[in-house]
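1. Compute the structure for the input listed below.
(chains A and B, ligands or ions: 2)
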Amino acid sequence: MAPTTAPDLVGRAWSPQPDRPMVTVHGLHKRFGPLHVLKDVDLTVAAGEVVVVVGPSGSGKSTLCRCLNRLEVASAGRIEIDGEPLPAEGRQLARLRADVGMVFQSFNLFGHRTILDNITLGPVKVRRIGRAEARKQAMALLDRVGIADKADRYPAQLSGGQQQRAAIARALAMRPKVLLFDEPTSALDPEMVNEVLDVMVSLAAEGMTMIVVTHEMGFARRAADRVVFMDDGRIVETAPPDEFFAAPRTERARDFLSKILQH
Amino acid sequence: MDALTAHLSVLGHGLVTTVQLTVVTTIGAMLLGIVVATLRISPVPLLRTIGTLYVEVLQNLPLLALLVLFVFALPQIGIQFPLFTSAAIVIAAYQGAYLAEAIRAGINTVGKGQAEAARAIGLTFSQSLRYVILPQGLRAVIQPIGNICIALLMNTSLAAAVGVVELTQAANNVNLVEAQPILIFTGAGLAYMLLALIIGQFTGLLERRLAIVR
Ligand SMILES: Nc1ncnc2c1ncn2[C@@H]1O[C@H](COP(=O)(O)OP(=O)(O)OP(=O)(O)O)[C@@H](O)[C@H]1O
Ligand SMILES: [Mg+2]
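-> Ligands and ions are numbered 1, 2, ... in the order given. Next comes the predicted model:
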């Protein structure tokens, strides 16, 4: 997708500053009872950077994502979004969450609302944008992800790929500073994977800061600035995608890659 | 038949009172039910405990005992309401506990992902409930809610015990004059049945109208 011709999907008011940290994670630990799921995770993601997170099942990728917008509460450590520490509960947290978009594996569109109403809910209720303006922006986003004709449908009437594109539009409607993707294509039939990945690639090209948990190597190669490999709750290796896939430094990453590349 | 037609105004008055009591109480019980169900799923432990206590206490006492207690005991400590108001408060409080449980069951049918997606776009807890969780949860339990409303209608007859002249009490009064219990109470019974049918039809209509596209 050609980023030069693309309208500004990201809709951010500032220009990209590659060195400014957008997400800072320092010494993050997460325990579920006796289970120690994240162990001293450090991660800095610059504004406009795209980081792909890979790793075996149970290594803590989803938990890391969910800690970043406090769907899970960290047991220890510091998380900052655009220089602001994550607030505890309450309104401030809600406000910060509005700046951190999340796209789920299972889409999680609101089943009782049309696609358009799914997308305008946040802008109207959280950002306090007028309804007409919110609809206009939502239509532009739907057009951009290629499902403008589905605006008045209900989620169950859309294919998986269309639902996930609607979910991306819903996240974008909040004009987030960061977008988190937790295996956005894992629940999709193979023929629908690319329509979602294409949208994500164009977002990346436009300078959206993204943290993407995915095993889609093609996406990582096309769009990622860095690949982060997690194993057993730790970040074991960080490298540019070409380097990581061609010559992983750690034994565990080699082992993991050999397993996922076999099929 | 004369026994009924001769007292149409008394019986009609009773019927109107029953309908009024049912409508007012249903609205009150619904609001209370939503509040208590919300308490029971709140992230704050104290609020959850209050919600649970409420449901446990009210579901485990007979409605008649509650009515009598409210109407005869409260004036002892200087609190007194008109009889109709007292009956409405007590029945709403009682049925509210049942509605709360039905509503909570509805909320539990809404997937966890819905609440997470709502929080992820920055909705607060109460906004998530209002715009995402309750609209879906309530739709799932329209039928049981309708059944509770029918039970509520029947329970309004207990208001007779504390002196509200609703349909059952009106029938009773007419019977004291006419001494034709079978006729009079069959007539009253048919009126209750008709009202219950109307509630049932309305419930069915709501359910069809509000069905979530799957
Ligand atoms: N709510 C929870 N309660 C208890 N344990 C949990 C919870 N969520 C996750 N876990 C555990 O934490 C560990 C990491 O889970 P997580 O979902 O982050 O892994 P993942 O890397 O995303 O795996 P996958 O590739 O299968 O999605 C797993 O052992 C999982 O069982
Ligand atoms: Mg996961």
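
2. Chain B contacts on the stretch 1-150 of chain A?
-> A:69, A:71, A:89-91, A:94-102, A:104, A:106, A:108-112, A:121-122, A:125-126 (Cβ under 8 Å from any Cβ of the partner chain). From N, CA and C alone the C-beta is placed, and that goes for glycine too.

3. Return the subset of those lying in strands.
-> A:100-102 (DSSP state E).

4. what number of residues lie near the single nearest residue of chain B relative to ligand 1?
-> Here the residue of chain B nearest ligand 1 is residue B:112; by Cβ to the nearest ligand atom that distance is 9.9 Å. For residue B:112, the neighbour count with other Cβ atoms under 10 Å in any protein chain shown is 9.

5. Next: residue A:257.
-> 17.

6. go on, the one 3 residues further on?
-> Taking other Cβ under 10 Å as the criterion, the count of residues near residue A:260 is 11.

7. Read off the pLDDT value for it.
-> Note on residue A:260: pLDDT of 81.

8. Spit out the contact partners of it.
-> A:215, A:217 (Cβ atoms under 8 Å, 6 or more residues apart in numbering or on different chains).

9. Report the separation between it and residue A:245.
-> Using Cβ to Cβ, to the nearest Å, residue A:260 is found at 10 Å from residue A:245.

10. One more: residue A:72?
-> Distance, residue A:72 to residue A:245, by Cβ to Cβ: 29 Å.

11. re the thing from before, look up the residues that both of residue A:260 and residue A:245 are in contact with.
-> With Cβ under 8 Å, 6+ apart as the test, residue A:260 and residue A:245 both reach residue A:217.

12. Can you tell me which of the residues of the stretch 1-150 of chain A next to chain B are buried?
-> Among these, those buried by neighbour count (16 or more other Cβ atoms under 10 Å in any protein chain shown) are A:69, A:71, A:94, A:96-102, A:104, A:106, A:108-112, A:121-122, A:125-126.

13. any idea of the mean pLDDT for stretch A:127-144?
-> 96.

14. buried residues in that stretch?
-> Neighbour-count burial for stretch A:127-144, counted by 16+ other Cβ under 10 Å, picks out A:129, A:134-135, A:137-142, A:144.

15. Same list, the residues you listed, but as a markdown table with distance to ligand 1 and secondary structure please.
-> Converted to a markdown table, those look like this (distance: Cβ to the nearest ligand atom, whole Å; DSSP: H, G, I helix; E, B strand; the rest coil):
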| residue | distance to ligand 1 | secondary structure |
| --- | --- | --- |
| A:129 | 34 | coil |
| A:134 | 33 | helix |
| A:135 | 35 | helix |
| A:137 | 32 | helix |
| A:138 | 30 | helix |
| A:139 | 34 | helix |
| A:140 | 33 | helix |
| A:141 | 28 | helix |
| A:142 | 29 | helix |
| A:144 | 29 | helix |
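
16. what ranges do the helices span in the stretch 51-200 of chain A?
-> Here the stretch 51-200 of chain A has its helices, by DSSP state H, counting those that start in this stretch, at A:61-68, A:91-99, A:115-125, A:131-144, A:160-172, A:190-205.

17. meant to ask about chain B
-> B:2-5, B:8-41, B:45-59, B:63-73, B:83-109, B:112-120, B:125-128, B:134-140, B:142-155, B:167-178, B:181-210 (DSSP state H).

18. right, and those - which one's nearest residue A:81?
-> Residue A:81 lies closest to helix B:112-120 among these, at 13.3 Å (Cβ to Cβ).

19. what sits up against the closest one?
-> Applying Cβ under 8 Å, 6+ apart, the contact partners of helix B:112-120 are A:69, A:71, A:94, A:97, A:100-102, A:104, A:106, A:108-111, A:167, A:170-171, B:125, B:127-128, B:131-133, B:136.

20. please redo it, this time with the cut-off set to 6 Å
-> Residues from elsewhere that reach helix B:112-120, judged by Cβ atoms under 6 Å, 6 or more residues apart in numbering or on different chains: A:71, A:102, A:106, A:108, B:128, B:132.

21. okay, among the residues you listed, which ones form the most distant pair?
-> Of all pairs in the contacts of helix B:112-120, the most separated under Cβ to Cβ is A:106 and B:128 at 17.3 Å.

22. give me the residue from chain B nearest chain A.
-> residue B:122 (2.9 Å; Cβ to the nearest Cβ).

23. ok, now which ones touch that residue?
-> A:94, A:97-98, A:126.

24. before we move on, what about residue B:168?
-> B:157, B:160.

25. With residue B:111 instead?
-> Residue B:111 neighbours (Cβ under 6 Å, 6+ apart): none.

26. Repeat the analysis, applying 10 Å as the threshold.
-> By Cβ atoms under 10 Å, 6 or more residues apart in numbering or on different chains, the residues touching residue B:111 are A:106, A:108, A:111, B:117, B:136.

27. got a markdown table for those, with distance to ligand 1 and pLDDT too?
-> Shown next, in a markdown table, are these (distance: Cβ to the nearest ligand atom, whole Å; pLDDT from 0 to 100):
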| residue | distance to ligand 1 | pLDDT |
| --- | --- | --- |
| A:106 | 12 | 96 |
| A:108 | 15 | 97 |
| A:111 | 23 | 95 |
| B:117 | 17 | 97 |
| B:136 | 22 | 96 |
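
28. quick one: low-confidence parts of chain B?
-> Scanning chain B for pLDDT under 70 picks out the ranges B:1.

29. who in it is up against chain A?
-> Residues of chain B lying close to chain A (Cβ under 10 Å from any Cβ of the partner chain) are B:43-44, B:110-125, B:127-128, B:130-133, B:135-136, B:138-139, B:210-214.

30. Buried ones from those, can you make that a ChimeraX selection?
-> With 16+ other Cβ under 10 Å as the criterion, this ChimeraX line picks the buried residues out of the residues of chain B next to chain A:
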select /B:110,114,115,116,117,118,119,120,121,122,123,124,125,127,128,130,131,132,133,135,136,138,139
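
31. Smallest gap between the stretch 1-150 of chain A and chain B, at which residue?
-> Nearest residue of the stretch 1-150 of chain A to chain B: residue A:98, at 2.9 Å (Cβ to the nearest Cβ).

32. That residue and ligand 1, how far apart?
-> Residue A:98 sits at a distance of 23 Å from ligand 1 (criterion: Cβ to the nearest ligand atom, to the nearest Å).

33. what's the answer for residue A:81, then?
-> 20 Å.

34. Quick check, that residue in contact with residue A:67.
-> No - using Cβ atoms under 10 Å, residue A:81 and residue A:67 do not qualify as a contacting pair, with a distance of 11.5 Å.

35. can you confirm residue A:28 is in a helix?
-> No - using DSSP: H, G, I helix; E, B strand; the rest coil, the assignment for residue A:28 is strand, not a helix.

36. Could you check how far residue A:240 is from residue B:23?
-> On the measure of Cβ to Cβ, residue A:240 and residue B:23 end up 69 Å apart.

37. residues contacting residue A:36?
-> A:29-30, A:60, A:75, A:232-233.

38. In three-state terms, how would it be classified?
-> Of the three states, residue A:36 takes strand under three-state DSSP.

39. element containing residue A:23, please.
-> For residue A:23, the element it lies in under DSSP states H and E is strand A:21-32.

40. That strand versus helix A:61-68: what angle between them?
-> 120 degrees (axes from the mean of the first three to the mean of the last three Cα atoms, to 10 degrees).

41. Before we go further, residue A:236 is sitting in a strand, right?
-> Yes - counting by three-state DSSP, residue A:236 is found in a strand.

42. okay, now it: neighbour count?
-> By other Cβ under 10 Å, the residues close to residue A:236 number 19.
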